[in-house]
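>>> Sequence first, then the predicted structure, then my questions.
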Amino acid sequence: MSDMMQENKKIQNAGNSTKHYARLLALLLALVLAGLCAMAALVAYVDPFFHYHAPLADFPYIVDNQLSQNPGMARNMTYNACIIGSSMTVNFDTDDFKDICGFDTLKLSYSGAYPKDDSNILEIIYDEGSLSRKTNGMDAVFFAMDIPVMAADTDTVKYPRPEYLYDDNIFNDVKYLLNKDVLFQYIFRPIVQGKGSDLSEIYFSWWTPEYYNIQWVMHTYEEPEKVDEEMAADTLIPATQENLDVNILPYVEAHPETEFYFFFPPYSILYWHNVMQENTLEATLTQYQYVADRLLDYDNVHLFYFQDMEEVTDLNNYADYSHYKPEINKYMVECFKKGDHEIKSTKEMEDALSKMRAIIDGFDFETLLSTDWG
């Protein structure tokens with residue numbers, strides 16, 4: 001009898017232990033769940049990627065992630081003009097657009113942007129259901145027209161985008177709300193630092209003034225191999241036409257209320273050396289003329305050609321063969337206001353390209369490339 005009682009007691013104790021561990025597990029799960037809910041609530045409240053709402057007035061937001069933060073800014077910031085395009089746009093200071101042109105401008109650059117990248121952000125910019133469009137109209141778009149990518153496939157993007165920040169599916173937002181990098185890098189880090197980004201200067205290139213010099217440019221320059229066979233002049237036109245028709249012109253046509261400022265960025269003279277090495281000069285110039293002619297068909301388009309500026313032959317204005325110093329960005333803003341370097345007709349574009357050809361023909365590439373730059 002005593003043995004049976006002891007056995008029953010053991011069973012009872014085991015049952016109590018099981019219940020005890022079950023309660024501990026339930027408590028642990030409840031704590032984990034509460035922690036995850038708190039984390040999600042904190043991310044949604046601060047919203048460092050501006051996915052749900054405009055920025056909080058006093059939070060020091062860090063803005064340094066184009067792929068993740070551009071869509072939220074496009075939806076929820078207050079602006080009536082924007083800058084889009086590749087790294088050719090990152091050194092614009094939006095305060096210049098305010099001071100010179102009178103626009104409250106938002107920078108929405110994508111370094112290495114293809115036309116599809118531009119189309120993706122334009123779709124969000126013109127979302128009439130967004131807070132931004134309910135607050136302000138879209139008065140101006142400043143658009144860097146990079147000819148080298150205009151022959152890409154119409155669906156090509158520079159980097160795969162995080163769809164959960166671009167779509168309207170609330171269920172996949174868990175990838176944002178429970179993201180430890182968002183929590184630590186974009187909420188805790190700025191709180192500790194006590195200083196956020198200056199929105200007028202976001203995405204500025206890492207090159208500081210000392211990098212803009214000919215020694216640095218030539219030291220890092222890699223000359224393409226010479227291609228013997230010349231590309232036919234019309235080779236690039238079909239793909240360029242498709243990109244214009246699919247990714248760019250639909251927005252120009254659908255929004256006559258917006259003034260579109262397209263500009264050909266002032267790549268350095270070394271860019272043209274690359275073109276000649278690749279034996280695509282005639283094809284490239286034909287491509288420029290074609291794009292200009294298509295854009296000039298629209299009354300709400302202003303087109304600027306900056307590649308024949310004197311500055312393009314002075315590599316002290318560059319950090320590599322294409323990226324120019326911020327002072328040139330400011331000069332371009334002044335041109336947008338005054339109309340300098342604006343192309344208003346097919347003939348003016350032909351003249352600009354003839355001038356560009358003369359600059360190329362007259363430049364001493366042999367001396368530049370034979371010099372020992374260290």
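Here it is on my side, so go on.
>>> Spatially nearest residue to the residue nearest to the spatial centre of the chain (excluding sequence neighbours)?
Residue closest to the mean C-alpha point of the chain, counted by CA atoms, centre = their mean, is Tyr110 at 1.6 Å. Ranked by CB to CB, 6 or more residues apart in numbering and with sequence neighbours excluded, the top spatial neighbour of Tyr110 is Asp117, at 4.6 Å. For the C-beta atoms, the positions are set from N, CA and C on the backbone; glycine is no exception.
>>> all strands of the stretch 1-150 of the chain, in order?
For the stretch 1-150 of the chain, applying DSSP state E, counting those that start in this stretch gives strands covering 81-85, 105-109, 140-144.
>>> and these as TSV, adding mean pLDDT, mean neighbour count and distance to Ala22?
Listed next are the strands of the stretch 1-150 of the chain as TSV, based on pLDDT from 0 to 100; neighbours: other CB atoms under 10 Å; distance: least, CB to CB, whole Å:
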stretch	mean pLDDT	mean neighbour count	distance to Ala22
strand 81-85	98	25	56
strand 105-109	98	25	52
strand 140-144	98	24	60
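>>> between those, which gets nearest to Arg189?
Between Arg189 and the strands of the stretch 1-150 of the chain, the tightest spacing by CB to CB is seen for strand 105-109, at 21.6 Å.
>>> Which secondary structure elements does the closest one sit against?
helix 66-76, strand 81-85, helix 94-96 (3 or more CB pairs under 8 Å, 6 or more residues apart in numbering; DSSP states H and E).
>>> what about 6 Å?
For strand 105-109, the packing partners by 3 or more CB pairs under 6 Å, 6 or more residues apart in numbering; DSSP states H and E come out as strand 81-85.
>>> What strands line up against the strand it packs on, and which way round?
strand 105-109 (parallel), strand 140-144 (parallel) (DSSP bridges).
>>> Serialize these to TSV and add fields for distance to Phe188.
TSV is the format used below for the strands paired with strand 81-85 (distance: least, CB to CB, whole Å):
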stretch	distance to Phe188
strand 105-109	25
strand 140-144	35
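>>> correct me, but Phe263 touches Phe304?
Yes - taking CB atoms under 6 Å as the definition, Phe263 is a contact partner of Phe304 at 4.0 Å.
>>> where does this protein have low pLDDT?
By pLDDT under 70, the weakly predicted segments of the chain are 1-17, 20-21.
>>> try it again with 90
1-36, 168, 373-374 (pLDDT under 90).
>>> residues in contact with Phe50?
72-73, 76 (CB atoms under 6 Å, 6 or more residues apart in numbering).
>>> could you redo the last one with a cut-off of 7 Å?
Applying CB atoms under 7 Å, 6 or more residues apart in numbering to Phe50 gives the contacts 69, 72-73, 76-77.
>>> how close does it get to Ser86?
From Phe50 across to Ser86, the span is 22 Å (CB to CB, to the nearest Å).
>>> Arg189: neighbour count?
13 (other CB atoms under 10 Å).
>>> Then it would be within a helix, right?
Yes - according to DSSP: H, G, I helix; E, B strand; the rest coil, Arg189 belongs to a helix.
>>> which residues touch the closest residue to it other than its chain neighbours?
Sequence neighbours aside, Ile62 is the residue nearest to Arg189 in space, at 6.8 Å (criterion: CB to CB, 6+ apart). With contacts defined as CB under 7 Å, 6+ apart, the neighbours of Ile62 are 186, 189-190, 196-197.
>>> which residues does Gln69 contact?
Gln69 touches 49-50, 63, counting by CB under 7 Å, 6+ apart.
>>> cutoff 6 Å now
49, 63.
>>> cool, and the one 3 residues further on?
If you count contacts by CB under 6 Å, 6+ apart, Gly72 has them with 49-51.
>>> now swap in Val312 and tell me
Residues counted as contacts of Val312 (CB under 6 Å, 6+ apart) are 266, 268-269.
>>> and the gap between it and Ile359?
7 Å.
>>> Would you mark the buried spots in stretch 217-237?
217-218, 221, 231, 233, 235-237 (16 or more other CB atoms under 10 Å).
>>> From those residues, which land in strands?
Here DSSP state E is the test, and the buried residues of stretch 217-237 give no hits in strands at all.
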